[in-house]
Every structure is written in C-alpha cells, then in structure tokens.
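1. what follows is a predicted protein model with its sequence.
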Amino acid sequence: GAVVSQHPSRVICKSGTSVKIECRSLDFQATTMFWYRQFPKQSLMLMATSNEGSKATYEQGVEKDKFLINHASLTLSTLTVTSAHPEDSSFYICSAPSGTSGTNEQFFGPGTRLTVL
Amino acid sequence: KQEVTQIPAALSVPEGENLVLNCSFTDSAIYNLQWFRQDPGKGLTSLLLIQSSQREQTSGRLNASLDKSSGRSTLYIAASQPGDSATYLCAAYPGTYKYIFGTGTRLKVLA
C-alpha cells in the first residue's frame, strides 16, 4: 500500500512556542491531505483538509490562526501549532487518499505526539 | 449527519477465540467503509476496505462485511492471537472529503 510519513514522531516544547509537523506521501502524489487530532482513548477528530495550491478547509471549532496548514507540494503538507499551550498536547495524525486504487482508500501517517509543558 | 458507533467499547478474550467487532453507521449513503488497527501510541494501519457495492472483504484471518441497508459492518477475527491486541476503528466515507470514525473497540487477547 501507499506510504505516508510524519516528522517528528514526538515533540516536547515549552508553552508559547510554535511547532511544525510534516506529513509526506512517499510513493504517491496527494492533492489533498487530512489532519486529525486524537486525545487519549478517544477516536480521531478531523481538524482540517489540506489542499495543494489553495487554502486549507477547517472543521467547525478549529482555530485556523492557531493551526496553520500549508500544502507546499503534491507530497508535503505541514501543520504548525502556533503559540502552543498545554491543552494542545495531543496525538496528531495525517492521512492522504491514494487515488490509484480508485477507492479513495486513506493511508495514515504514524502520528506525532505533541507535549506542551 | 453521519454518526459511527462501535460495540463493544472494550473486549477481552482468551487466545484462540473467534470474535466479532461491530460498527454501526446512521447514514447508509456511504462510498466505502474501512477498518483500521491502532496500536498504543501509533498511527493507523488499514486492515480492510469495503466498497459500497461489495458485501465483504477478506485478508488472512480477518473478514469484514458490509450491510448498507441496515447500516452495519462487522469485523470477524478468526483464531485470535495476543498480537491482535490493539484498538480497532471503523470509518465510513460518505463520498465527500471526510471520513467519519467510530469510537473504537479496544481488544485484548490473553495468552
């Protein structure tokens, strides 16, 4: 199957700093990527849809000025958590559909564990 | 609004048992349904994807079925092993951009 990578896998930062998380599709191109957030023992909640060449689409309740998304190329989307606070600590996962299968099957990255002190 | 529910929320079984995980969705107008496995602190691994025109998919000891009319999907795991211990998530894709995830079933297979 298609491979999606994320970097870093784990990050610890001080409150008030900004953190950038990268999501890459390694063996396919993705005009669309998705960013999810997962709290402990809960399911995934879609935060935003990253669109190559245009603005991201944010889900209701997600602050676009806090979670900056840039889809720089057909294989890279970045999520920047600006002025991070402890409540932003979570597991962030990206996904991308591989259009080659014709089924819109989603492939997920390994996730990034963010801890804000 | 599509809602996806998984029952049970947690399950503990002895090794070797066959088991069924359930996934219910409220809107039958889905494009496909996908089952994932998530190990603690890890990302999601795709297990099976069932397109709306299909009734089931099989991969090794796993079999997933889809009944759109009743809004149900099941994941059958045969001869469970301790290595199957993980959280299992189902997700419905309505044909727009957004996958709707279920609440997950935490499975523990005891040796």
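-> Arrived safely, thanks for sending.

2. residue 62: neighbour count?
-> As the question left the chain open, I've gone with chain A. When neighbours are defined as other Cβ atoms under 10 Å in any protein chain shown, residue A:62 has 17 of them. From N, CA and C alone the C-beta is placed, and that goes for glycine too.

3. wrong one, I was asking about chain B
-> 17.

4. dump the residue contacts of the closest residue to residue A:62 other than its chain neighbours.
-> Excluding the flanking residues, the one nearest residue A:62 by Cβ to Cβ, 6 or more residues apart in numbering or on different chains is residue A:47, at 5.0 Å. Residue A:47 is in contact with A:35-37, A:58-59, A:62, A:67, A:79, counting by Cβ atoms under 8 Å, 6 or more residues apart in numbering or on different chains.

5. quick one: average confidence on the strand or helix carrying residue A:47?
-> Residue A:47 is part of strand A:44-51, with elements assigned from DSSP states H and E. Strand A:44-51 shows a mean pLDDT of 92.

6. pretty sure residue A:44 is touching residue A:59, no?
-> No. With contact defined as Cβ atoms under 8 Å, residue A:44 does not reach residue A:59; the gap is 11.7 Å.

7. same drill for these two, tell me which one is more crowded.
-> Ranked by neighbour count (other Cβ under 10 Å), residue A:44 and residue A:59 place residue A:44 first, with 25 against 14.

8. give the contact list for the more buried one.
-> Neighbouring residues of residue A:44 by Cβ under 8 Å, 6+ apart: A:36-38, A:93, B:44, B:89, B:101.

9. how about a cut-off of 6 Å?
-> A:36, A:38, B:101 (Cβ atoms under 6 Å, 6 or more residues apart in numbering or on different chains).

10. how about residue B:50: what's its closest non-neighbour residue?
-> Here the residue nearest residue B:50, using Cβ to Cβ, 6+ apart, is residue B:66, at 4.4 Å.

11. which residues sit in contact with that neighbour?
-> Counted by Cβ under 6 Å, 6+ apart, residue B:66 has contacts B:33, B:50, B:73.

12. specify the beta-bridge partners of the residue nearest to the spatial centre of chain A.
-> Against the mean C-alpha coordinate of chain A, by Cα atoms, centre = their mean, the closest residue is residue A:35 at 3.5 Å. Beta bridges link residue A:35 to residue A:48, residue A:94, judged by DSSP bridges.

13. show me where chain B has its strands.
-> In chain B, the strands defined using DSSP state E lie at B:4-7, B:10-14, B:19-25, B:32-38, B:44-51, B:56-59, B:62-67, B:72-77, B:86-93, B:100-101, B:105-110.

14. helices or strands up against the third one?
-> If you count contacts as 3 or more Cβ pairs under 6 Å, 6 or more residues apart in numbering or on different chains; DSSP states H and E, strand B:19-25 packs onto strand B:4-7, strand B:72-77, strand B:86-93.

15. what helices or strands is the second one leaning on?
-> Translated: strand B:72-77. Using 3+ Cβ pairs under 6 Å, 6+ apart, strand B:72-77 sits against strand B:19-25, strand B:62-67.

16. so who does residue A:93 touch?
-> Going by Cβ under 6 Å, 6+ apart, residue A:93 touches A:36, A:108-109, A:111, B:43.

17. tell me what residue B:14 is bridged to.
-> Where residue B:14 sits in a bridge, its partners, by DSSP bridges, are residue B:110.

18. with that, I have no additional questions.
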